[in-house]
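Peer 1: need a 3D model of the sequence below.
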Amino acid sequence: MFYGELLGRLGFAKVFDTEGMVEWQMEGTRIIVAQCPKRFLTDGYHRKRVGLNHMAFRAPSRATVDELYHNYLLPKKIPVLYGGPKEWEGYDPGYYAVYFEDPDRIKLELVYVPGDL
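Peer 2: Numbers count the residues shown, from 1 in each chain. Alright, predicted model coming up:
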């Protein structure tokens, strides 16, 4: 499963797993992923509709962002957005992120902001 591998790389531990739902936890943060009921699958997902735009995960360093990009996203051919990791002007000073998509095209972000964690 896409999220199991990604969240494991980010330090989350699986704490619950049942048919159609999995939960991971790290330092008080819980993420639960549930399978969409089949009757809603035909509508598909689009981040511009009402609902989730994207999810961001904080990284402890720029090197962590680069490691995910080079050793996970590229080898797995996971769609990377906006040309890969870089510093983003107009955001917090030193904001360094990589944006990518899950299999349903939900936008995800791994970001390092100096002094944020």
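Peer 1: residues contacting residue 10?
Peer 2: Residue 10 makes contacts with 26, 57, 68, 110, as judged by Cβ atoms under 8 Å, 6 or more residues apart in numbering. The C-beta positions use only the backbone N, C-alpha and C, and glycine is treated the same way.
Peer 1: name only those of those that count as buried.
Peer 2: Buried members of the contacts of residue 10, scored by 16 or more other Cβ atoms under 10 Å, are 57, 68, 110.
Peer 1: state which strand of the chain is the longest.
Peer 2: Ordering each strand of the chain by length in residues (DSSP state E) puts strand 80-87 first.
Peer 1: distance between that one and the chain's centre?
Peer 2: Relative to its chain's centre, strand 80-87 lies at 14 Å (Cα atoms, centre = their mean, to the nearest Å).
Peer 1: now swap in stretch 94-106 and tell me
Peer 2: Counting by Cα atoms, centre = their mean, stretch 94-106 comes out at 6 Å from the chain centroid.
Peer 1: need the CA coordinates for it. PDB is fine.
Peer 2: Extracted in PDB, the C-alpha atoms of stretch 94-106 (Å, rounded to 0.1, in the frame of the first residue of the first chain):
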ATOM      1  CA  GLY A  94      14.200  28.600   4.100                       C
ATOM      2  CA  TYR A  95      11.000  26.800   3.200                       C
ATOM      3  CA  TYR A  96      12.300  23.700   1.300                       C
ATOM      4  CA  ALA A  97       9.800  21.200  -0.100                       C
ATOM      5  CA  VAL A  98       9.100  18.500  -2.600                       C
ATOM      6  CA  TYR A  99       5.500  18.000  -3.800                       C
ATOM      7  CA  PHE A 100       4.300  14.700  -5.200                       C
ATOM      8  CA  GLU A 101       1.100  12.700  -5.900                       C
ATOM      9  CA  ASP A 102      -0.400   9.500  -4.400                       C
ATOM     10  CA  PRO A 103      -2.000   7.000  -6.700                       C
ATOM     11  CA  ASP A 104      -5.300   8.900  -6.600                       C
ATOM     12  CA  ARG A 105      -3.500  12.100  -7.500                       C
ATOM     13  CA  ILE A 106      -3.800  13.600  -4.000                       C
END
